Structure formats: C-alpha cells, structure tokens
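J.: this one's structure only:
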Ligand SMILES: Nc1ccn([C@@H]2O[C@H](COP(=O)(O)OP(=O)(O)OP(=O)(O)O)[C@@H](O)[C@H]2O)c(=O)n1
Ligand SMILES: C[C@](O)(CO)[C@H](O)COP(=O)(O)O
C-alpha cells in the first residue's frame, strides 16, 4: 500500500437519527442537555477538535430547532468541519449508509471514514489517535473496543441457561474506521440481503474483511438508558480536565 494510500483524508459519519426508545425521553437522547450542551454537540466536538478530521457528516431526523441548538453549541473549529446534514434512516445501518452516500459528494472512495455513534460523547483524543495509528500501520479497517471483563451468561426468561466462555470476546465500540468506498459497498450489500447489521465491522466481515480491534477506554460509554446520563457527565468532566 503506497504512502498516499495510507495517509488519505479522514472523515466522520455520525448516525444521529435514533429515537432513543430505551432512554424513554420525549426528546431523543442525542439532543438532551449534558452539562452545558446537547449530547450530540459534545460528540461532534470530540471529533471536530481532532486535527486529522477533515469533515463531519451527520445523519439525523432532527427538526431545524434541534439541529440549530446543536450547531450553536459546538466549537468554531467543529462548526467549520460540519457538512450539510442528511436525513437518517429507519435503522442505524440505514442512517450510516445515508451518511456515507452524502459524504460521497465531498470525499474520495479511498478516504478513511470514522463512523461514530452520536450517543457516545465520552470519546478520548488518545483513542482516536490509536485508531488512526492502526490505519497508518496498514490496517484495512479498525474499530475501538475492550475485552469483556464480566462473566457472561445466556439467559432465557430470567433463568440462566449457560455461562458463555469469554476468552477472546471483546465489546465493540465506535468509532469504526474503514475506507469510504469499501464500507459503502459492504453496508449496501448487507442491507440488500436483509441482514441485521448493528455495527460497521459486521458488514465488512460479511464481505470477507478482517478489521483490526484497537483497545480503547471502557468509559467510551454509549448513552442508552437514563442512568447513563449522570455517568456520562462524570466521565466527560474527567476526560476534558485531562485533555486541557
Ligand atoms: N434509525 C437510527 C437508529 C439509531 N441511530 C443512531 O445510532 C446510534 C446508536 O444507536 P442506539 O443507541 O440504539 O440509539 P437509538 O436507536 O436512538 O436507541 P434505542 O435503541 O433505545 O431506540 C445513536 O447515536 C442513534 O442516534 C440512527 O442514526 N438512526
Ligand atoms: C455500533 C455499536 O455502538 C457498537 O457497540 C452498537 O452496535 C450500537 O447498537 P445500538 O443498539 O444501535 O445502540
């Protein structure tokens, strides 16, 4: 792989069109205020402030007021990197694909794209660096994750059926980084086949790829339940203090 192949521009696609049903709030969780600004604004700044990020494509179902509230809260450096938003889809995978299709107007298929959940605001610059280092080292793609640290049980109707061996089991986080063209093709194929895709790596794996797993911080929390908001606020204070 030539150097020009490896050091391609880096973009981000942020799926932000979910309804947050598990959160149980009237406002989708990515638009809830977390400390001083919406969750999505924190997430966008985590990526926007990274020097290698060229541009950010958000896929959302937000109304104009919700999106304006986010855009007003992000740092000027982030705002300069925001591409025109596109409308998300019925599923996370469909939202990601729409974001990739919108990004096509700005990027080359060989460029890198980091797909990152809007609901994961506690992303460290060091973890973005680690992911990009894997790409710079020649990986076809890479995702952040961490080894499973708990004993795992398979449960049916609240009754334990078995203990699942956890050797070599990891939790997959985001960002998940791939070449724009490869990911768009793999995701399109998986969706056409009607396969349930919950992360980008699984679409790449279905297409025969073997992405690298990069160990990241376990506090890269995906805000899912209402109790996650307080935890995210505490984590974010620590991360921002440590990075300033
Ligand atoms: N149709 C969808 C569904 C989800 N997402 C995004 O994908 C990320 C991870 O999904 P999840 O945590 O499941 O969000 P929701 O689908 O909103 O949550 P829930 O499953 O509780 O409804 C979130 O940033 C969410 O906004 C999206 O862009 N489009
Ligand atoms: C992409 C992801 O965050 C990796 O763990 C996860 O699959 C998203 O799942 P969700 O049910 O759409 O939140």
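T.: Perfect, thanks for sending it. Since the model is a prediction, treat every value here as computed from it, not as a measurement. Ligands and ions are numbered 1, 2, ... in the order given.
J.: OK, contacts around residue 22?
T.: Going by Cβ atoms under 8 Å, 6 or more residues apart in numbering, residue 22 touches 224-225. The way it works is simple: take the backbone N, C-alpha and C, and place the C-beta from them, glycine included.
J.: That one is in what secondary structure piece?
T.: If you go by DSSP states H and E, residue 22 is not part of any helix or strand.
J.: State which strand of this protein is the longest.
T.: strand 170-179 (DSSP state E).
J.: Counting by contacts, list what that one packs against.
T.: strand 112-115, helix 125-136, strand 141-147, helix 200-206 (3 or more Cβ pairs under 8 Å, 6 or more residues apart in numbering; DSSP states H and E).
J.: give me every residue that touches residue 107.
T.: 9, 11, 54-55, 113, 180.
J.: and which of those is nearest residue 142?
T.: residue 113 (12.0 Å; Cβ to Cβ).
J.: The closest one contacts residue 100, doesn't it?
T.: Yes. The criterion here is Cβ atoms under 8 Å, and residue 113 meets it with residue 100 at 6.7 Å.
J.: what residues do these two have in common as contacts?
T.: With Cβ under 8 Å, 6+ apart, residue 113 and residue 100 have common neighbours 13, 180, 183.
J.: residues from this structure in reach of ligand 1?
T.: The chain has residues 15-23, 28, 30, 59, 88-92, 95, 117-119, 222, 224 near ligand 1, with proximity defined as Cβ under 6 Å from any ligand atom.
J.: How confident was the prediction at residue 1?
T.: You'll see residue 1 listed with a pLDDT of 50.
J.: Kindly apply the preceding question to residue 68 instead.
T.: For residue 68, the model assigns a pLDDT of 89.
J.: Check the secondary structure at it for me.
T.: On the three-state scheme (DSSP: H, G, I helix; E, B strand; the rest coil), residue 68 is labelled helix.
J.: What sits closest to the closest residue to ligand 1 within the chain if chain neighbours are left out?
T.: Closest residue of the chain to ligand 1, Cβ to the nearest ligand atom: residue 18 (2.1 Å). Excluding its sequence neighbours, the residue lying closest to residue 18 (Cβ to Cβ, 6 or more residues apart in numbering) is residue 28, at 6.1 Å.
J.: Measure how buried that neighbour is and give me the count.
T.: 22 (other Cβ atoms under 10 Å).
J.: ditto for residue 12
T.: 28.
J.: Need the phi and psi values for it.
T.: Residue 12 adopts backbone torsions of phi -130, psi 140, taken as degrees, to the nearest 10.
J.: list the contacts for it?
T.: 47, 53, 55-57, 113-116, 175.
J.: Would you mind listing which of those residues are buried?
T.: With neighbours counted using 16 or more other Cβ atoms under 10 Å, the contacts of residue 12 contain these buried positions: 47, 53, 55-57, 113-116, 175.
J.: where exactly do the helices run in this structure?
T.: Under the criterion DSSP state H, helices of the chain are mapped to 3-6, 39-48, 64-73, 76-79, 92-103, 125-136, 180-192, 200-206, 227-243.
J.: Hey, what's the angle from the last one to helix 39-48? Just curious.
T.: Spelled out, it's helix 227-243. Here helix 227-243 runs at an angle of 30 degrees relative to helix 39-48 (axes from the mean of the first three to the mean of the last three Cα atoms, to 10 degrees).
J.: So for helix 227-243, what gets flagged as buried?
T.: 228-229, 232, 235-236, 239.
J.: Just send those residues back as a markdown table, with pLDDT and distance to residue 218 too.
T.: Shown next, in a markdown table, are the buried residues of helix 227-243 (pLDDT from 0 to 100; distance: Cβ to Cβ, whole Å):
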| residue | pLDDT | distance to residue 218 |
| --- | --- | --- |
| 228 | 98 | 14 |
| 229 | 97 | 18 |
| 232 | 98 | 13 |
| 235 | 97 | 10 |
| 236 | 96 | 15 |
| 239 | 93 | 13 |
